[in-house]
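Novice: Here you go, sequence then predicted model.
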Amino acid sequence: MVYCEENQARCIAQEDRMKEVDGFGGTIPVRDLHRIDERALTGWMQENVAGFQGPLVVDQFKGGQSNPTYRLRTPLRSYVLRKKPPGVLLKGAHAVEREARVMAALGTVGFPVPKIHGLCLDDSVIGSWFFVMDMVEGRIFWDASFTDVPRAQRADYLDAMNATLATLHSISAESIGLADFGRSGGYVSRQIARWSQQYVQDELAGRHPAMDKLVEWLPAHIPMDDETAITHGDFRADNMIFHPTEPRVLAVLDWELSTLGHPLADFAYNAMMYRMPPDILGGIHGLNLIAQGLPDEAAYVASYCRRTGRAAMPDLDFYIAFNMFRFAAILHGIRGRVKRGTASSADAVAMGDRYRRVADIAWGQVEIIRAR
């Protein structure tokens, strides 16, 4: 199946699962809306998961609203299940089969992902498609400042994140059977067109001068370089599990936005943390990086360039502006869902209202470029 970013865009717009610092890491009893037939699931596990032995206890992670995520406990081990949400879904959205496919493929070359035990494409089992993977034990950090570890170790954790993303972008999609995982080339232009269209058409969510200017400026200034690599789409600290005591990534999670895209756009989304405040995507802008024991943006970019064989990254400002625009459009879409009464997140109103602020920050990046 050839995947298109148009469907990815719809998937992102549905996703209002922004994780709160204390809200995602634990589990709760399964929400009424997300209840599953545990007997049917047990039967499927017995037939499809090697070494499975019940009985099975199911609870739900607090986050994972886009694709409901469950912990499956047995006397011998624990697993994680991710499924499509209930209800009518947009075409191409909540593609758990893509998540399972990319993780299974990356696992064959030793990239840090949970082991996939099985994928079910039969709605009759628990009501929707799902996959089961290993439960990886470790630490999740909710922002890139890594304040939960000693100051002397923080740079090592940030560097481990950098190295993991560089490794991902160095893996040949063709070599692991992902040549058809997305289109080759033109990723940024398609993304800008899709998000611009969504922003303009959602009149109920309102307009903002900075967004209007970004819609006009970005497509006219796309860099000439064009590359294609396996991209994660949401690569940040809280989407990976680190070793319990070491600065080492054990597993990268949440692959529902992955595709074949531009690696520098993917890296810029990660590096965007340097230009976002702490209350937006766990950014580190405004922090005293030296006091925090963290490398500055130039050092972080240089590490990625060294690992991927690049001399420099002259268009970083553009790719950061593009990612901020994309994120502002996501928030704008959430605002529209609030206005239409279809948003499910408790803090969706606050999230939607942030789109203007993010758009202003994005246009500020453009002004940096224009001032040169």
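Specialist: Ah, there it is.

Novice: Run a quick neighbour tally on Ser172.
Specialist: Neighbours of Ser172 under the rule other CB atoms under 10 Å: 11. Glycine gets a C-beta too; all of them are placed from N, C-alpha and C.

Novice: Which of the three states applies to it?
Specialist: coil (DSSP: H, G, I helix; E, B strand; the rest coil).

Novice: Please report how far it lies from Tyr199.
Specialist: Using CB to CB, to the nearest Å, Ser172 is found at 35 Å from Tyr199.

Novice: And the lowest mean pLDDT element among the helices and strands of this structure?
Specialist: Among the helical and strand segments of the chain, the one scoring lowest on mean pLDDT, DSSP states H and E is helix 5-14, with a mean of 38.

Novice: Return the set of buried residues in the longest helix belonging to the chain.
Specialist: Longest helix in the chain, counting residues (DSSP state H): helix 316-340. Using 16 or more other CB atoms under 10 Å as the test for burial, helix 316-340 gives 316-339.

Novice: Tell me the first helix or strand C-terminal of the least confident helix or strand of the chain.
Specialist: strand 27-28 (DSSP states H and E).

Novice: Check the offset of that next one from the chain's centre.
Specialist: 21 Å (CA atoms, centre = their mean, to the nearest Å).

Novice: mean confidence score for that strand?
Specialist: Strand 27-28 carries an average pLDDT of 74.

Novice: just to revisit the earlier point, which other helices and strands contact the longest helix of the chain?
Specialist: Secondary-structure packing of helix 316-340 (3 or more CB pairs under 8 Å, 6 or more residues apart in numbering; DSSP states H and E): helix 5-14, helix 187-201, helix 209-217, helix 263-271, helix 348-353, helix 355-370.

Novice: Give me the contacts around the longest one.
Specialist: I take that to be helix 355-370. With contact meaning CB atoms under 8 Å, 6 or more residues apart in numbering, helix 355-370 is reached by 205, 208, 210-211, 213-214, 217-218, 221, 275-276, 280, 317-318, 320-321, 324-325, 327-329, 331-332, 334-335.

Novice: tilt between that helix and helix 209-217?
Specialist: Helix 355-370 runs at 50 degrees relative to helix 209-217, counting by axes from the mean of the first three to the mean of the last three CA atoms, to 10 degrees.

Novice: now helix 355-370 and helix 187-201, what's the angle there?
Specialist: Orientation check (the same axes, to 10 degrees): helix 355-370 against helix 187-201 gives 140 degrees.

Novice: What residues sit buried inside helix 355-370?
Specialist: Quick answer for helix 355-370 (16+ other CB under 10 Å): Tyr355, Arg356, Arg357, Val358, Ala359, Ile361, Ala362, Trp363, Gln365, Val366.
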